[in-house]
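Participant: build me a model:
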Amino acid sequence: MNSALAMGTLQVGMSSAAGTIATVLGILLAAGLLIYLYVAHRKGQAREAARQRLESNLDRRTQELADAERLFDAERQASEQQLRLLLRELTHRSKNLLAVIQAIARQTARQTATVDEFLDRFGARLHAIGLSHDLLVADDWHGASLRMLVEQQLEGHMDGQTDGSAARVEIEGEDVVLKPEAVHNLGMALHELTANAEKYGSLSRPAGAVHVGWQVCEDEKTLTLTWEERGGPEVQVPSRSGFGRAMIEDIVGKALSGKVALSFPVEGVRCEIVIPSSLITSRG
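Facilitator: Now for the predicted structure:
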C-alpha cells in the first residue's frame with residue numbers, strides 16, 4: 001500500500017515537473033519568437049530608413065546634376081553669345097582699320113616720288129597704328145591711357161630728361177582712359193605731328209621742345225588736347241595741304257566727332273583737338 005502510494009506521488013511530481021518545464025519552454029519559445037520578431041522589425045525599419053536615405057540622396061544628386069547642367073548650358077550660351085559679339089566687333093573694327101590703312105596707302109602714294117620714300121612713310125604710319133593697337137591689346141581692348149599714348153608716340157625724344165637737361169617733351173594733364181576709337185585716331189594725329197616736328201619743326205633742332213597738354217571741360221563735356229612747339233625753325237604757313245595735315249584736320253576730326261584747329265604761328269606749330277568726353281571711359 002505504501003509502495004503504491006509512493007509511486008503515485010512520484011508520478012504526480014513528475015507530471016507536475018514536466019508541466020512546469022513545458023510551461024517554461026513555452027514561455028522561452030514565445031520570448032525568443034518575440035525577440036526575433038522585434039529584431040526583424042528593427043532591421044526592417046533600418047533597411048527602410050537606409051533605402052529612403054539612398055533615394056533621398058539619389059534625388060538630391062539628380063537635382064544637383066540637373067541644376068549643374070542648366071547652369072552649364074546657361075554659361076555656354078552666354079559664352080557663345082559673348083564670342084559672337086566679340087567676333088562681330090572684331091570684324092567691324094578690322095574693316096574700319098583696313099579702310100584707314102587703305103586710305104593711308106593711297107594718300108602716301110600720291111605724295112611720294114619714289115618707292116623707297118613710300119615704304120618709309122607708309123611703314124612709319126603703320127608702326128604708329130601698331131603702337132596704339134598694342135596699348136589696346138594690353139588692356140583687353142577696353143581702352144588706353146592718354147598719357148601712355150602721348151609718351152608712346154614721343155618716346156624717342158623723352159630719353160635723358162632726368163639727367164638735369166632741359167626737357168624736350170612736356171606732358172601735362174590728368175590722365176584719362178580713352179575708348180579704342182579715340183586711341184587709334186589720336187595716335188595717328190600724334191604720329192603725324194611728331195613726324196612733322198622731327199622733319200621741319202621743333203624736334204629737328206636740339207633746343208626745340210614740344211608741350212602736350214589736355215584738360216576735361218565738365219560744362220561743355222569735352223576733352224581738349226593741345227600740341228605746342230617752340231625752339232624750332234621759324235614756321236611758315238605751308239603752301240599746300242599734305243597728307244599729315246589732311247589726316248589731322250579731316251580724318252581725325254570727323255572720326256572723333258570733334259574739332260581740330262591746326263595753326264602755324266612763327267614760334268612753332270600749334271594744334272588743338274577737341275573731342276567729346278563720351279570717348280573717355282575713366283579718369284585719374
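Participant: how deep is D67 tucked in, by neighbour count?
Facilitator: Using other C-beta atoms under 10 Å, D67 is surrounded by 10 other residues. Where C-beta positions appear, they are placed from N, C-alpha and C, glycine not excepted.
Participant: quick check: it vs F243, distance?
Facilitator: 61 Å (C-beta to C-beta, to the nearest Å).
Participant: can I get the helix or strand where E192 lies in CSV, CA atoms only?
Facilitator: Assigned by DSSP states H and E, E192 belongs to helix 180-199. The C-alpha trace of helix 180-199 is given here as CSV (Å, rounded to 0.1, in the frame of the first residue of the first chain):
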residue,chain,number,x,y,z
PRO,A,180,39.5,102.4,-78.6
GLU,A,181,38.3,104.6,-81.5
ALA,A,182,39.8,107.6,-79.8
VAL,A,183,43.1,105.8,-79.1
HIS,A,184,43.6,104.9,-82.8
ASN,A,185,42.7,108.3,-84.2
LEU,A,186,44.6,110.4,-81.6
GLY,A,187,47.5,108.0,-82.1
MET,A,188,47.6,108.7,-85.8
ALA,A,189,47.3,112.5,-85.2
LEU,A,190,50.1,112.5,-82.7
HIS,A,191,52.3,110.5,-85.1
GLU,A,192,51.7,113.0,-87.9
LEU,A,193,52.5,115.9,-85.6
THR,A,194,55.6,114.1,-84.3
ALA,A,195,56.9,113.3,-87.8
ASN,A,196,56.4,116.8,-88.9
ALA,A,197,58.1,118.2,-85.9
GLU,A,198,61.1,115.8,-86.5
LYS,A,199,61.4,116.8,-90.1
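Participant: packing partners for that helix?
Facilitator: When contacts are defined as 3 or more C-beta pairs under 8 Å, 6 or more residues apart in numbering; DSSP states H and E, helix 180-199 sits against helix 2-110, helix 115-138, helix 146-153, strand 209-217, strand 222-230, helix 243-246, strand 270-276.
Participant: check the contact between C217 and P276; I expect there is one.
Facilitator: No - if you go by C-beta atoms under 8 Å, C217 and P276 don't touch, sitting 10.7 Å apart.
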